[in-house]
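Undergrad: sequence plus predicted model, see below.
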Amino acid sequence: MDLTNRIRKHFDSSAQAKLQAKDALAQPIADAAQMLVTCLMNDGKILACGNGGSAADAQHFAAELINRFEIERPALASIALTTDSSVLTSIANDYDYSQIFSRQVRGLGMPGDVLLAISTSGNSINVVEAINAAHENGMHVIALTGREGGTMGEMLNPDDIHICVHAESTARIQEVHLLTLHCLCDAIDHLLLGGE
């Protein structure tokens, strides 16, 4: 296959994945945005975590909230649990890599806060442990997963929110995850500030 046609095929596949997910994900994304706004309006904070590309998504989301998305507004309380190398490496060294997020959730999370837990497979053990810690701390969880949702999809409480991209390709799942995060940012701004 010609390289330009291969690239066009990726664009088509990405667009198709997003269009297929649109109807299934619109309501859970709206519910998640409302949960996040409720948390923020009650002086809570959002903790976000994931591995690899999902770590980058967690950091991207936290940055959009702390700084701004597309319009001027005050900073919103959000922390990516993926960024402090001293914390991450000390926990991994002294305890276990599976605890790198859960230990931070236990130290930083408060009742009413929200954990945004991101994993394309839904099976990342350190993200699963973070969800357990969030539940112990009386936090809500928004799980952003792919495929069939994995372990994370099975362990959520009834008042948690599961946004699952039913695709097999990690790249396509991550592309829909990024769009989802941008939709959340836009919806948060709309709910807080109104307007078009």
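TA: Arrived safely, thanks for sending. Numbering: from 1, shown residues only.
Undergrad: quick one: average pLDDT of stretch 73-87?
TA: Averaged across stretch 73-87, pLDDT comes to 97.
Undergrad: ends of it, what's the gap?
TA: The first and final residues of stretch 73-87 sit 30 Å from each other (Cα to Cα, to the nearest Å).
Undergrad: contacting residues for Ala32?
TA: By Cβ atoms under 8 Å, 6 or more residues apart in numbering, Ala32 lies in contact with 142, 161, 163, 184. Just so you know, the C-beta spots here come from the backbone N, C-alpha and C atoms, and that holds for glycine as well.
Undergrad: now do the buried residues in stretch 156-170.
TA: Within stretch 156-170, the residues scored as buried using 16 or more other Cβ atoms under 10 Å are 156, 160-167, 169.
Undergrad: what average pLDDT does that stretch get?
TA: In this model, stretch 156-170 has an average pLDDT of 96.
Undergrad: now swap in stretch 17-27 and tell me
TA: Per-residue pLDDT values across stretch 17-27 average out to 96.
Undergrad: which residues touch that stretch?
TA: For stretch 17-27, contacts defined as Cβ under 8 Å, 6+ apart pick out 163, 165-167, 169, 172-173, 175-176, 179-180.
Undergrad: just stretch 187-196 next, same as before
TA: 29-30, 33-34, 36-37, 40, 65, 69-71, 73, 76.
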